[in-house]
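# when you get a sec, could you give me coordinates for this:
(3 chains)
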Amino acid sequence: MTTDTVISTRDLSLTFQTNDGPVHALKDVSLDVEKGDFVSFIGPSGCGKTTFLRCMADLEHPTAGAITVNGASAEEARRARAYGYVFQASGLFPWRSIGGNIRLPLEIMGFDRAEQDARVKRVLELVDLGGFERKFPWQLSGGMQQRASIARALAFDADILLMDEPFGALDEIVRDHLNEQLLSLWERTEKTICFVTHSIPEAVYLSTRIVVMSPRPGRITDVIESPLPKERPLDIRDTPEFLEVAHRVREGLRGGHGDDD
Amino acid sequence: MTLVVLAIVIWLAAWYANVRLARSGAPAARYVVPIIFGLTLLVMWELIVRGLAVSPVILPTPTAIAARFAASLGTLWVDFVQTVLKGALSGYAMGCGAAVLAAIVIDRSPFLTRGLLPVGNFVAALPIVGVAPIMVMWFGFDWQSKAAVVVAMVFFPMLVNTVAGLKASDAMQRDLMRTYAASYGQTLLKLRLPAAMPFIFNGLKIATTLALIGAIVAEFFGSPTMGMGFRISTSVGQLAIDMVWAEIVVAALAGSAFYGGVTAIEKAVTFWHPSQRRRI
Amino acid sequence: MRNALPVLSVVAAILVIWYLAAFWMNAAWVRDQAARADRHTGFAELVTETMTQDRPVVAAPHQVVMALWKGVFGHKITSKRSFVYHGWVTLEATLWGFALGIVIGVGLAVIIVHSRAVDMSVMPWAVISQTVPIVALAPMIVVLSNAVGIEGRLVPKAIISAYLSFFPVLVSMVSGLRAPHPMQLDLLKTYGASRTQVFWKLRLPSSLPYFFASLKVAIAASLIGAIVGELPTGAIDGLGARMLIGSQFGQPLIMWAALFAATILAGALILVVGVIQRAADRRMGVTR
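Numbers count the residues shown, from 1 in each chain, chains lettered A, B, ... in the order given. Presented below is the predicted three-dimensional model:
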């Protein structure tokens, strides 16, 4: 663990008690995320990747093990508004305009009106939605709603971004476009991003590090440091280096699955 | 007899017109078709009653009712103020306000919510209108007892709807507020109350119909010499049936206006809800 | 059944508050009476006297139970004082009104779904009909039915009950008949099904969950209609009439007992309809 470690977990475990017996959503998960990393979590359903992300966000509480965010507990980090969270669905409030939705965290955190206006304008430009401030969520397409959701997560300048399959519900072409935009956003803002996904190409394209997980119990089976350069046009997905990393990920996934019944 | 035949002819003609209008798909048809239907019924009423020489003590003609209405505006207005404004509206405001506040308090305790929702649903379905005589006993003959009946009638339906509304915000949106470390008050004002509005307005609309029924029924149990319920029961006794119908017209107008008013406010407040955006 | 404890606690709390209210509200009268007889009431006496008033301002729960018991079991079923008799009078009108309301609601819904002209003409008036306080029409309906030669109050009460209960059934059935997914309607089109076949094989089955869900609201509304029908018209039979007579002749205990009898009746009806609804839902594969 270096001074640059933003998120650190040691033997993190989370067991749910259900009617059918205990479910080990996470078992002994240890991982360090450094500042400026783009870490993807990939694995089949039930491998605990979303649960892991939610533990980082203090939306779930582990039953064993330790987790620190920015050197403090997950709850303290949440109270200090250390991260922005992007859910699978945009979760925009339909009774607020796009601008109003982006204002929501700013109102709660006590920014003054002038500051709010400035930030709303800035993040809308960042995600290419400049001028959509007065529109309402249902007037936007799915991809645009997700972009608004990302803008909202960026509005209060948290250094960490936690994203739970944000592009899962979108079609491939929109997804490619948003992947490109997310990557350029990351380069410009130098945030630390933890990104949960189902898609192998997406994980390999976006990340500096890929964490492969498998279910029952939820655990990490492989951590792959990506050899790909930081500058990545979409074409990089057809290069042999990319395919090699993707292959390693696929092997890791299959290996995890092999432990199953 | 010719009048009855005329009534049938008019019915057929109006029906044909409505079928053509409905098929045309013109946007104005939405208003014109029901108006034609209503007017046709009124015309047929007039013609059939006259044609069959029905006694006015049984069923007066619309024109006779209109004449009585115009002649009794003073009395009708006094009755309206007593029943609708003093009795129904004040009870409505107090009952709905209390219910929303109670719902917010109850929402704080999941234990209370789980216990109260089944009980509230049950009480909301009861013939609460039956407490009218008790309320007259407690609050006297004047508008206060009517308002009390209205409060008793609207409280539980409004409470049940508001509690359901407060539960309506989905888990993801509540998680979002948690990531902002929002306080209870902030989450209530910025998320849960706006999300509850469709349910609250559903309750408010139901309450408008209950309020008028409550106020009028309460008057059957005891009232000063004014009020719509009072006027209806005494007019029936005097066989002044046209006056009864005039009061019914006032009741219909008051009821529709009240309901329509709340619906208009609902449209403005819940403009974002799918049910308001869809053209049915 | 995790709701059992919270519900019971709430009911227990209501009973406690009720007793306290009875004590508080009746105490003034008791003190008055005592002062007039130059008696001083100690606290214990105050408690017992407030709970045993003949004409209480607020009847205590046990008084209501006793009056109810007496009304149900203390008289022959055919006697005019029996709550069973009055309950039956009200129930009869409720059930007829309920049946009539279902027929009108379902019938209108079927027509509305198949004819655009009827949909546009009738629906707005159906909505407006519910904003008109039915109680204003009640005396009118009684007068009209008597004038046409129909004896007694069963028919007008049933009409009033039907007026209140047809609307929830209508609204639910219209939603239910329109509930089939466009995909399912397309499927039947590929089979070359006629409108009647589509109705019987798809629309009607799809609408059954909606129908049964509306029945609970409809039966409650129907009971209210029957009671409302008894109130303004000088009826002497039925639970609503009992409430009216109790209040007019200074017998508040009968009034309270009749109200609670109506409450119990409402609860029982809703329970029965609820059971029917759950059975129907299971049969139609509706998951809760």
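# show me what from the stretch 51-200 of chain B comes close to chain C.
B:55, B:57-59, B:111-116, B:118-119, B:122, B:125-127, B:129-134, B:136-138 (C-beta under 8 Å from any C-beta of the partner chain). For glycine as for every other residue, the C-beta is placed from the backbone atoms N, C-alpha and C.
# rerun at 10 Å
Proximity of the stretch 51-200 of chain B to chain C (C-beta under 10 Å from any C-beta of the partner chain) is limited to residues B:54-55, B:57-59, B:83-84, B:88, B:106, B:109-138, B:153.
# report the buried members of those residues.
By neighbour count, with 16 or more other C-beta atoms under 10 Å in any protein chain shown, these hold B:59, B:83-84, B:88, B:106, B:112-137, B:153 as buried.
# the residue of chain C most remote from its centre in helix, strand or coil?
Each residue of chain C has a distance to the centre, and by C-alpha atoms, centre = their mean the biggest one is for C:Asp38: 47.2 Å. In three-state terms, and counting by DSSP: H, G, I helix; E, B strand; the rest coil, C:Asp38 is coil.
# pLDDT below threshold where in chain B?
For chain B, residues meeting the criterion pLDDT under 70 lie at B:278-280.
# pop the domain breakdown of it in here.
B:2-54, B:69-277 (automatic domain parsing).
# just chain C next, same as before
Annotated domains of chain C cover C:4-56, C:83-283 [automatic domain parsing].
# which non-adjacent residue is nearest the closest residue to chain B within the stretch 1-150 of chain A?
Nearest residue of the stretch 1-150 of chain A to chain B, counting by C-beta to the nearest C-beta: A:Pro94, 3.9 Å away. Nearest non-adjacent residue to A:Pro94, counting by C-beta to C-beta, 6 or more residues apart in numbering or on different chains: B:Trp272, 3.9 Å away.
# how about that neighbour, secondary structure?
B:Trp272 - assigned by three-state DSSP - is coil.
# quick check: it touching A:Lys135?
No: look at B:Trp272 against A:Lys135 with C-beta atoms under 10 Å: they stay out of range, at 12.0 Å.
# in the chain, which helix or strand is least confident?
If you meant another chain, say so; for now it's chain A. Each helix and strand of chain A was given a mean pLDDT (mean pLDDT, DSSP states H and E); the minimum falls on helix A:240-258 at a mean of 85.
# chain C is the one I meant
helix C:43-51 (a mean of 76).
# let's see which of the buried ones among the residues of the stretch 51-200 of chain B next to chain C end up in strands.
In strands, judged by DSSP state E, none of those are found.
# enumerate the positions of the least confident helix or strand of chain C that are buried.
C:46, C:49-51.
# with stretch B:225-239 instead?
B:226-233, B:235-236.
# chain A: which of those residues is nearest?
Nearest to chain A among the buried residues of stretch B:225-239 is B:Met228, at 38.1 Å by C-beta to the nearest C-beta.
# any idea of the mean pLDDT in the helix or strand just after the least confident helix or strand of chain C?
Once helix C:43-51 ends, the next helix or strand along the chain (criterion: DSSP states H and E) is helix C:61-73. Mean pLDDT, helix C:61-73: 84.
# and the helix or strand encompassing C:Gly240 with chain B, contact?
Per DSSP H and E: C:Gly240 is located in helix C:239-248. Yes: on the criterion C-beta under 10 Å from any C-beta, helix C:239-248 is in touch with chain B at C:239-240, C:242-248.
# what comes into contact with the strand or helix carrying B:Ala22?
B:Ala22 belongs to helix B:2-24 when assigned by DSSP H and E. With contact meaning C-beta atoms under 10 Å, 6 or more residues apart in numbering or on different chains, helix B:2-24 is reached by B:28-30, B:32-34, B:36-37, B:39-41, B:43-53, C:115-121.
# tell me the angle whichever helix or strand comes after that helix makes with helix B:2-24.
Heading C-terminal from helix B:2-24, the first helix or strand you meet, by DSSP H and E, is helix B:29-51. Counting by axes from the mean of the first three to the mean of the last three C-alpha atoms, to 10 degrees, helix B:29-51 lies at 170 degrees to helix B:2-24.
# packing partners for the next helix or strand after helix B:29-51?
Sequence-wise, the next helix or strand downstream of helix B:29-51 (DSSP H and E) is helix B:62-71. Helix B:62-71 is packed against helix B:29-51, helix B:73-80, helix B:241-269, with contacts defined by 3 or more C-beta pairs under 10 Å, 6 or more residues apart in numbering or on different chains; DSSP states H and E.
# please identify the most buried of these.
With neighbours taken as mean count of other C-beta atoms under 10 Å in any protein chain shown, these reach their highest mean count in helix B:241-269, at a mean of 19.
# so what secondary structure elements neighbour it?
Using 3+ C-beta pairs under 10 Å, 6+ apart, helix B:241-269 sits against helix B:62-71, helix B:73-80, helix B:193-220, helix B:228-237, helix B:274-277, helix C:116-131, helix C:134-147.
# 8 Å - rerun?
helix B:62-71, helix B:73-80, helix B:193-220, helix B:228-237, helix C:116-131, helix C:134-147 (3 or more C-beta pairs under 8 Å, 6 or more residues apart in numbering or on different chains; DSSP states H and E).
# mind giving me the packing neighbours of the second one?
Okay, so that is helix B:73-80. Looks like helix B:73-80 contacts helix B:228-237, helix B:241-269 (3+ C-beta pairs under 8 Å, 6+ apart).
# touching it from outside, list them.
B:69, B:226-228, B:230-231, B:246-247, B:250, B:254 (C-beta atoms under 8 Å, 6 or more residues apart in numbering or on different chains).
# off-centre distance for that helix?
Mean C-alpha position of helix B:73-80 versus that of the full chain (C-alpha atoms, centre = their mean, to the nearest Å) differs by 20 Å.
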